[in-house]
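A.B. asks: This is a predicted model, with the sequence first.
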Amino acid sequence: MKLNLKMPNDLKFAYQNELKKYKEALAHKNDSLAWLHLERAHIIGQYHPVSHTGVHFRMFVFGIRKFDFNEILGQFVRMSFGWIGSLFNRIPMGNTGSATVPIFAPMPIPEDLKSLLWNADTEAKGLSGFKQ
């Protein structure tokens, strides 16, 4: 079984770029754009435990800022357990990570991220990850 411990450089760069755009949107008080970049960071980072937990932590803090109890609770659960699925390559591929979507629901990968996530197992049913 393959463990997802080290994030490849191309994914790390894209993940960090989305977080940079998230911070810029926050600085401009554009919460909807900031959230979009967190969701995109989640789609990229969910394959690796540290980045996966990191984006859920940021979503948790965002929920606190917005006084959104549903998001706070949902992110607490995701922070607590999501890293396990990442470690063992069993994640809901394409999931945006928001508490408004089911935890285990796979979702389509955005077109502009498909080449970056070329190794995602898009044909699997349910939880998947990178092809072995």
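C.D. replies: That came through fine.
A.B. asks: How about the helix or strand that contains Ser80, which residues are buried there?
C.D. replies: Element membership for Ser80, per DSSP states H and E: helix 69-87. Within helix 69-87, the residues that qualify as buried are 71-72, 74-75, 78-79, 82-83, 85-87, counting by 16 or more other Cβ atoms under 10 Å. (C-beta placed from N, C-alpha, C; glycine too.)
A.B. asks: Now do Leu127, the pLDDT please.
C.D. replies: On pLDDT, Leu127 comes in at 85.
A.B. asks: and it, what are its phi and psi?
C.D. replies: When quoted as degrees, to the nearest 10, the phi and psi of Leu127 stand at phi -70, psi 140.
A.B. asks: Renumber starting at 27 from here on
C.D. replies: In the new count, where the first residue is 27, that last one comes out as Leu153.
A.B. asks: Wait, it touches Phe130, no?
C.D. replies: Yes - between Leu153 and Phe130 there is a contact under Cβ atoms under 8 Å: 6.4 Å.
A.B. asks: Show me what stretch 120-137 is in contact with.
C.D. replies: Applying Cβ atoms under 8 Å, 6 or more residues apart in numbering, the contact partners of stretch 120-137 are 61, 64-66, 68-69, 72, 81-82, 85, 89, 96-97, 99-101, 103-104, 118-119, 143, 146, 148, 152-154.
A.B. asks: let's see it at 6 Å
C.D. replies: Outside stretch 120-137, the residues within contact range by Cβ atoms under 6 Å, 6 or more residues apart in numbering are 65, 68, 96-97, 100, 118-119, 143.
A.B. asks: And what about the residue most central in space within the chain, helix, strand or coil?
C.D. replies: For the chain, His68 is the residue whose C-alpha lies nearest the centre (Cα atoms, centre = their mean; 1.5 Å). Here His68 is recorded as helix under DSSP: H, G, I helix; E, B strand; the rest coil.
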